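Trainee: Sequence first, then the predicted structure:
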Amino acid sequence: LTSPSPTWFLAEGATHNTFDLFYLIQNPGPTAATVTVRYLRPSPLAPLTKNYVVAGNSRFTIAVDNEVISGQSLAATDVSAVLASLDQHPFVVERAMYLHRGGQMYAAGHAGAGIASPRDQWLLAEGATGPLFDLFVLVANPGTAEELIRLGAAMLDPRHGELSALGIVEVPEGMPLSEG
């Protein structure tokens, strides 16, 4: 992160099975900020929206698993989010997600900062598949129109130190990206 922003996007999160999801908000300014969170759920479910007041010079945690909005629970879903300050106060946000396994609370976890604006191209530097790994590329569309998503992959040839394309996959508009 280089600076606070009045808007943030989080493309990944899950509250189902043994996952716990938290949105961590920091307001570095001296006055309170009203932050709207638009929770983006899997299609065809409509987004859910809730406002939070974050005091000046403070940190605020949203336990997404515990949120119930208009009678709808976020306790068992995949979810992305758009966070925006109604009063344009810049703030910082990150997402923390933890996994419970074998009776151990928080056996594994991951945290990531939000992005201040969506992008139409991403380069992912690392990924692994095999007996110990499952690779997921998680995409959120904060807009209202369906979009075509094109995914490509490459592998490093250890003999030559060169990248070789493995192929391109296009995800047609309207195709669900997650079967949940």
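Mentor: Arrived safely. Small disclaimer: the values here were computed from a predicted structure and weren't measured. Numbering: from 1, shown residues only.
Trainee: CA only for contacts and neighbour counts going forward, please
Mentor: Will do.
Trainee: Enumerate every residue touching Thr77.
Mentor: 14-16, 41-42, 180 (Cα atoms under 8 Å, 6 or more residues apart in numbering).
Trainee: ok, and the most crowded of the residues you listed?
Mentor: Using other Cα atoms under 10 Å as the neighbour test, the contacts of Thr77 are led by Ala14, with 24 neighbours.
Trainee: Tell me if I'm right that it and Asp20 touch.
Mentor: Yes - the criterion here is Cα atoms under 8 Å, and Ala14 meets it with Asp20 at 7.3 Å.
Trainee: on that earlier part again, save the contacts of Thr77 as a markdown table, and put in distance to Pro28 and secondary structure too.
Mentor: Formatted as a markdown table, the contacts of Thr77 follow (distance: Cα to Cα, whole Å; DSSP: H, G, I helix; E, B strand; the rest coil):
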| residue | distance to Pro28 | secondary structure |
| --- | --- | --- |
| Ala14 | 27 | strand |
| Thr15 | 28 | coil |
| His16 | 32 | coil |
| Arg41 | 29 | coil |
| Pro42 | 32 | coil |
| Gly180 | 36 | coil |
